[in-house]
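A.B. asks: No sequence on hand, only this structure:
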């Protein structure tokens, strides 16, 4: 069954909490391993998954995700593999999203990508390097095939830009907690809360915060004001550091449980 991110975020909100969103690259630690990782995460309380498409020029990714993407690419992972992964996980009670730089989507064909993603059970796509004013073809394709499109807002975004991002996004707006590449940080910072408030002020219904969250305390901090907590590098690092795939999956479950507990405590 296809679950949209808007649905799972609203469901979490109805339970008095923020949604937990996890990022995992397709094909890492292997194709089968990435599918198993998602099952482990959802089983431990994750509400939505961002499947990352490995790319050769990941300008917004930090070293942890870059390393995982390089390993996935070296094993032959291609954009079409994300459709196979989505289809294999379509039975899960979670929203299955894709995060991708725009070039792989452009090469695939925006209309074909949106069509195949919807057919495989995918909810939508996060495009970190695509702005709404230059994304006309993708906006049309996503609208045609009822695929959520999620654009990024940054602390430096002026009000006019935030309004355009909000009006162009469906599902939620992705609020980047800080400027720079992905990766765990010692603290999330006040800029994220301010950005969420500013984005809501221009009309955003749902705002999720990503970049830097890596533990339960930070998840609780973000969950106190955001509609969703997005965690990527911290999960990927657990898989990179594991001696075996099964050890990695257990580490994912442990971290997901810690993050979910932090989220629950924030709204208690």
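C.D. replies: Noted; the coordinates are in hand. Just so it is clear, the structure is predicted and the values come from calculations on it, not from any experiment.
A.B. asks: What are the buried residues along stretch 94-108?
C.D. replies: For stretch 94-108, a neighbour-count test (16 or more other C-beta atoms under 10 Å) marks 94-102, 104-105, 108 as buried. Using the backbone N, CA and C atoms, a C-beta is placed for each residue, glycine as well.
A.B. asks: my bad, should have said stretch 223-235
C.D. replies: 223, 225-235.
A.B. asks: Which of the residues you listed fall in helices?
C.D. replies: If you go by DSSP state H, the buried residues of stretch 223-235 have 223, 233-235 in helices.
A.B. asks: related to what we said a few turns ago, kindly reformat the buried residues of stretch 94-108 as CSV and extend each row with pLDDT, secondary structure and distance to residue 133.
C.D. replies: Shown next, in CSV, are the buried residues of stretch 94-108 (pLDDT from 0 to 100; DSSP: H, G, I helix; E, B strand; the rest coil; distance: C-beta to C-beta, whole Å):
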residue, pLDDT, secondary structure, distance to residue 133
94, 98, coil, 31
95, 98, strand, 26
96, 98, strand, 28
97, 98, strand, 22
98, 98, strand, 22
99, 97, strand, 20
100, 96, coil, 19
101, 95, coil, 17
102, 96, helix, 13
104, 96, helix, 21
105, 97, helix, 17
108, 97, helix, 22
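A.B. asks: Which two of the residues you listed have the greatest separation?
C.D. replies: Greatest spatial distance among those (C-beta to C-beta): 94 and 102, at 24.7 Å.
A.B. asks: can you tell me the helix or strand for residue 214?
C.D. replies: Assessed by DSSP states H and E, residue 214 sits outside every helix and strand.
A.B. asks: I'd assumed residue 231 was in contact with it.
C.D. replies: Yes - counting by C-beta atoms under 8 Å, residue 214 touches residue 231, with 6.9 Å between them.
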